[in-house]
Each structure stands twice: as C-alpha cells, then as structure tokens.
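>>> Quick one, what's the 3D model for this:
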Amino acid sequence: MKPPAKPRGAVRPTRPPGEVRLIGGQWKRSKLPVPDAPGLRPTPDRVRETLFNWLGQDLSGWRVLDAFAGSGALGFEAASRGAAAATLLEQDGRLVAGLLAVRQRLNAQAVQVLRADALGWMARAPRAAFELVLLDPPFDAGLAGPALAVAAPLVAERGFVYLEAAVAETEPACPPGLEPFRELKAGAVYARLFRRTG
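Presented below is the predicted three-dimensional model:
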C-alpha cells in the first residue's frame with residue numbers, strides 16, 4: 001500500500017539532517033553539524049550548487065552577509081569559494097556556538113560570527129556594504145518580505161541578494177533598486193536571486 005501523498009507546497013520536515021557538506025572551494029567536502037533546532041533546515045545541496053553556479057564559482061574579494069546563518073552552510077560556502085569577508089548572523093546561542101566551533105576548526109579567518117537579530121542588524125548596517133546578501137529565514141516566520149526589503153540597500157552596485165522561501169509562501173514584492181535575476185523551484189523550496197541595478 002502506498003503512503004499518503006504529501007500535500008502540495010508542503011514545507012520540508014522540521015527535523016534536519018545531522019550534518020551537511022560544503023560542495024566547493026578550499027573546504028570542499030568539509031562537514032558542518034546541523035543540530036535539531038526549531039525552524040533550522042539547511043539549504044539543500046542541489047539548491048546551493050545552483051546558486052553558486054549562478055554567481056560563479058570564484059567569489060574572491062566579495063563581502064558576503066549570511067543574515068539567517070543557522071548551520072552556516074551558505075556563509076561558509078561563500079568563504080570557501082574565496083569571499084574576502086563573510087559575516088554570519090544568528091540569534092540562537094546554541095547555533096552561534098556551533099558556528100564559532102566550525103570557524104575555529106576550518107581556521108576560517110574571513111568569517112565573522114555575530115549573535116544578532118537579522119532584521120535589526122541589517123536595518124542599522126551601512127548601505128552598499130556587501131556584494132552578496134544571503135537570506136534563508138525560517139519558513140514559517142513570515143520574514144521573507146521584510147528581510148528582502150531591509151537587505152536591498154545593503155548591496156553594492158551590481159551585487160546580489162539571494163532569498164530562499166517556501167513555495168507555498170506569498171512571493172514578496174521586489175524592492176526598489178533590485179531586479180529579478182534567476183529563480184529555482186526544488187521540492188518545497190523557492191530560491192530567487194536578485195541583482196542590484198546600476
């Protein structure tokens with residue numbers, strides 16, 4: 001007998017994998033632990049691979065912000081591919097401790113880990129300070145639109161904002177100064193890349 005079908009647009013299960021691997025750059029195949037924390041669901045390998053294909057494999061010299069770091073998969077992936085500075089924001093103290101441990105193990109000098117509320121921190125951050133802002137807020141928190149709006153001014157000219165959300169979520173409006181660049185649907189994940197206009 002077949003198991004019942006999952007509802008369309010269902011959000012990924014809340015229980016994350018025990019670890020994820022970086023897929024490119026100097027720390028390729030390095031493992032990142034993923035604790036079982038509420039709302040934590042690392043970006044799937046396929047989606048991360050597609051994102052960095054869109055961006056180009058070499059991010060040398062880029063300043064990157066991973067605003068809802070969680071496991072750190074996106075921020076450490078960017079640093080692994082040459083980003084000059086990667087700032088990882090996380091509010092959960094246990095996750096912050098895990099990110100700091102990974103930073104030490106990889107000797108990731110370009111990575112800065114901060115315990116902070118992402119929306120508040122971005123609202124106070126300098127304009128045009130990053131070439132790439134990565135947004136992967138908890139799927140059920142309704143933060144996709146507010147995060148995209150507050151991240152837009154932080155991106156330098158021709159820089160990028162990446163937003164990952166649930167397929168079932170309402171698509172947020174594109175803020176002034178950004179234009180849609182690429183998009184991908186993979187299972188319950190809707191990934192969008194925006195570019196800062198000149």
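
>>> Only C-alpha atoms from now on, for both contacts and neighbour counts.
OK.

>>> quick one: low-confidence ranges for the protein?
Where the chain drops to pLDDT under 70, the residues are 1-17, 38-39, 198.

>>> Show me the strands in it, by range?
19-21, 31-33, 63-66, 85-90, 111-115, 130-135, 155-166, 178-186, 189-196 (DSSP state E).

>>> which other residues reach the last one?
Just to be clear, that refers to strand 189-196. With contact meaning C-alpha atoms under 8 Å, 6 or more residues apart in numbering, strand 189-196 is reached by 11, 47, 152, 155-167, 177-185.

>>> before we move on, could you check phi and psi at L59?
Phi and psi for L59, reported as degrees, to the nearest 10, are phi -110, psi 30.

>>> Do I have it right that it meets A78?
Yes - the pair L59 / A78 is scored as a contact, 6.9 Å apart, by C-alpha atoms under 8 Å.

>>> When these two are compared, which one has more neighbours?
With neighbours defined as other C-alpha atoms under 10 Å, L59 and A78 compare such that A78 has more, 30 against 20.

>>> close enough to count as contact, that one and L65?
No - using C-alpha under 8 Å, A78 makes no contact with L65, being 9.4 Å away.

>>> so what's in contact with those two at the same time?
Common neighbours of A78 and L65, counting by C-alpha under 8 Å, 6+ apart, are A86.

>>> which helices and strands sit right next to the longest helix along the chain?
Looking across the chain with DSSP state H, the single longest helix is helix 93-106. Contact partners of helix 93-106 among helices and strands, from 3 or more C-alpha pairs under 8 Å, 6 or more residues apart in numbering; DSSP states H and E: strand 111-115.

>>> And for the strand it packs on, what's in contact with it?
Strand 111-115 is contacted from outside by 76, 79, 85-93, 96, 99-100, 103, using C-alpha under 8 Å, 6+ apart.

>>> do stretch 140-155 as well
39, 119, 122-123, 125-133, 135-137, 161, 163-165, 171-178, 196.
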